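# Give me a model of this one.
(4 chains)
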There are 2 protein chains.
Amino acid sequence: MPTKKKPQVTASPARRSELLGTAAEVFAEQGYNATTVRKIADHAGMLAGSLYYHFDSKESMLEEILRTFLDELWDGYDTVLDAELGPRETLEALVIESFREIDRHRAAVAIYQKESKHLASQERFAFLADSQRKFEKAWLSTLERGVAAEVFREDLDIRLTYRFVRDTVWVAASWYRPGGQHGPEEIARQYLSMVLDGIAVRT
Amino acid sequence: MPTKKKPQVTASPARRSELLGTAAEVFAEQGYNATTVRKIADHAGMLAGSLYYHFDSKESMLEEILRTFLDELWDGYDTVLDAELGPRETLEALVIESFREIDRHRAAVAIYQKESKHLASQERFAFLADSQRKFEKAWLSTLERGVAAEVFREDLDIRLTYRFVRDTVWVAASWYRPGGQHGPEEIARQYLSMVLDGIAVRT
DNA sequence: GGGCTTCCCTAACAAGTGTTTGGTAGGTTA
DNA sequence: TAACCTACCAAACACTTGTTAGGGAAGCCC
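Below you'll find the predicted structure:
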């Protein structure tokens, strides 16, 4: 009795993630919808059909790219959150961790930024919405803790502040280039300095 | 001697901009490439081919949407810059003006955010790159003036600060909804408070 | 009323899309 | 050497895409 074909199971994991890497970069650069499977294949030095030996659809490539990224992101985030640091230290650690993820998964982050909004409504990408909710929860509670502990200003709209910090961090993926003059930790330090203390001179 | 067809010249400007409005919203929501002309036509209550009575291509719709937005944006920006205010006041005015533009052209701003990067390299959309350069120049000089006048901190990387402020402002278009509880001026005020003074309590 | 313009529809086109099927070169195993 | 597996190619598939050509209904001008 023949089982359903699952071509990607037999393929070597190394080649798989290599192809996913090039796919991610094309997706990030051109946008998911504007990227044809033939373009991906070109970048990989093969023909379009050959991709289907490793993956069973273009969409499944996208899914795997985003899943891999989010899994690793939450590994880092959960470690920070479980450490139960003070609110300011938690915020700093989350920001630093975020820039490290941008450094590691620049393409995936860029894709996430551009596509997640209209993907999250599809059932297949429900994990994006889940992650987003978890993300919001972690940040909001950290900010609220900070206000309660009087380390963050209490005259600010918490939800607005959340979006401010969140966007500020992740948008960096659109211009960040790994291997540039500033490493992720250095950029995180400067961002934190601006977010926490502002850019105006203290009078 | 027959001249080239220019269908859109005879069409009424009101209907034109009405259609551009719905097109912009679909583009913003689904992304330009993921938006088919049939979807736009659906939202407008007509058939795909009928759009070509008003416009001569899908791309020309995108171009007109972005051009209209940028023209109005620079009207506001130039007014601010020509006023030759102090650096801090200039920054405040630019941010306020930006949020007003987001309020007025939410869809166009969202499209600009998502698509401008890979569009700017096309000759047809060279005006995007021009605008970007002009934009960068205005912001950088304002920040530099501020550092020289000792109203902005001098220990910050100017280019990083520029990207920080720029992204902080424009990303808001991805979640901002006109008619919400906060008007553009109120959001601008809170953003400025965070950017200038930071979110940490002053010790 | 006859012509003209405005605005849309019907129906199709060619090009490009993601995907499938069958085949095959080259290495590994028996 | 024979059987087998891996990783790809070649060629096609059904479908969607942006776009076009011709036509027609409704309103306005003479």
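
# Pop the domain breakdown of chain A in here.
A:7-56, A:59-197 (automatic domain parsing).

# is the first one anywhere near chain B?
Yes - Domain A:7-56 reaches chain B (C-beta under 8 Å from any C-beta of the partner chain) through A:E29, A:Q30, A:G31, A:N33, A:A34. (C-beta placed from N, C-alpha, C; glycine too.)

# Over that domain, what's the mean pLDDT, rounded is fine.
Domain A:7-56 shows an average pLDDT of 90 in the prediction.

# returning to that earlier point: any chance of the residues of domain A:7-56 next to chain B in JSON lines with secondary structure and neighbour count as columns?
Converted to JSON lines, these look like this (DSSP: H, G, I helix; E, B strand; the rest coil; neighbours: other C-beta atoms under 10 Å in any protein chain shown):
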{"residue": "A:E29", "secondary structure": "helix", "neighbour count": "16"}
{"residue": "A:Q30", "secondary structure": "helix", "neighbour count": "16"}
{"residue": "A:G31", "secondary structure": "coil", "neighbour count": "21"}
{"residue": "A:N33", "secondary structure": "coil", "neighbour count": "17"}
{"residue": "A:A34", "secondary structure": "coil", "neighbour count": "16"}
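
# of those residues, closest to B:F99?
Of all the residues of domain A:7-56 next to chain B, A:G31 has the smallest distance to B:F99: 26.6 Å, by C-beta to C-beta.

# which residues of chain A score low on pLDDT?
Along chain A, the model assigns pLDDT under 70 to residues A:1-11.

# roughly how far apart are the residue nearest to A:S121 when sequence neighbours are not counted and B:L94?
Leaving aside its sequence neighbours, A:S121 sits nearest to A:A129 (C-beta to C-beta, 6 or more residues apart in numbering or on different chains; 7.9 Å). Distance, A:A129 to B:L94, by C-beta to C-beta, to the nearest Å: 35 Å.

# between these two, which one's more packed in?
Neighbour tally, A:A129 and B:L94, criterion other C-beta atoms under 10 Å in any protein chain shown: the higher count belongs to B:L94, 22 against 14.

# element containing the residue nearest to that one when sequence neighbours are not counted, please.
Spatially, and ignoring its direct neighbours in sequence, B:L94 is nearest to B:V80 (5.7 Å; C-beta to C-beta, 6+ apart). In the assignment (DSSP states H and E), B:V80 maps to helix B:58-82.

# what does whichever helix or strand comes after that helix rub up against?
Per DSSP H and E, the first helix or strand lying C-terminal to helix B:58-82 is helix B:87-104. Applying C-beta atoms under 8 Å, 6 or more residues apart in numbering or on different chains, the contact partners of helix B:87-104 are A:200, B:69, B:72-73, B:76-77, B:80-81, B:83, B:85, B:109, B:138-139, B:142-143, B:145-146, B:149, B:151-152, B:165, B:169-170, B:172-173, B:176, B:178, B:183-185, B:187-188, B:191-192, B:195-196.

# Show me which residues of chain A are close to DNA strand C?
A:T35, A:T36, A:V37, A:R38, A:A48, A:G49, A:L51, A:Y52, A:D56, A:S57, A:K58, A:E59 (C-beta under 7 Å from any atom of the strand).

# near DNA strand D, which of those show up?
Contacts with DNA strand D are made by A:A48, A:G49 out of the residues of chain A next to DNA strand C, judged by C-beta under 7 Å from any atom of the strand.

# Put together TSV for the residues of chain A next to DNA strand C, with neighbour count on each row.
What follows is these, written out as TSV (neighbours: other C-beta atoms under 10 Å in any protein chain shown):
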residue	neighbour count
A:T35	22
A:T36	13
A:V37	19
A:R38	12
A:A48	14
A:G49	10
A:L51	20
A:Y52	13
A:D56	14
A:S57	11
A:K58	19
A:E59	14
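
# how close does A:P184 get to B:R163?
15 Å.

# same thing with A:D82?
Separation of A:D82 from B:R163 (C-beta to C-beta): 32 Å.

# Tell me, how many residues neighbour A:H54?
Applying other C-beta under 10 Å, we find 20 residues neighbouring A:H54.

# The one 10 residues further on too?
As a burial measure, the neighbour count of A:E64 was computed by other C-beta under 10 Å and equals 17.

# related to what we said a few turns ago, possible to save the residues of domain A:7-56 next to chain B as TSV with distance to A:K134?
Below are the residues of domain A:7-56 next to chain B laid out as TSV (distance: C-beta to C-beta, whole Å):
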residue	distance to A:K134
A:E29	29
A:Q30	29
A:G31	26
A:N33	27
A:A34	30
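
# Could you look up the SS state of A:Y52?
Following DSSP: H, G, I helix; E, B strand; the rest coil, we place A:Y52 in the helix state.

# Now the spatially most central residue of chain A: closest residue in space, sequence neighbours ignored.
Note on chain A: the residue nearest the mean C-alpha position is A:V109, at 3.8 Å, using C-alpha atoms, centre = their mean. The shortest distance from A:V109 to any residue other than its chain neighbours is 3.9 Å, reached at A:A173 (C-beta to C-beta, 6+ apart).
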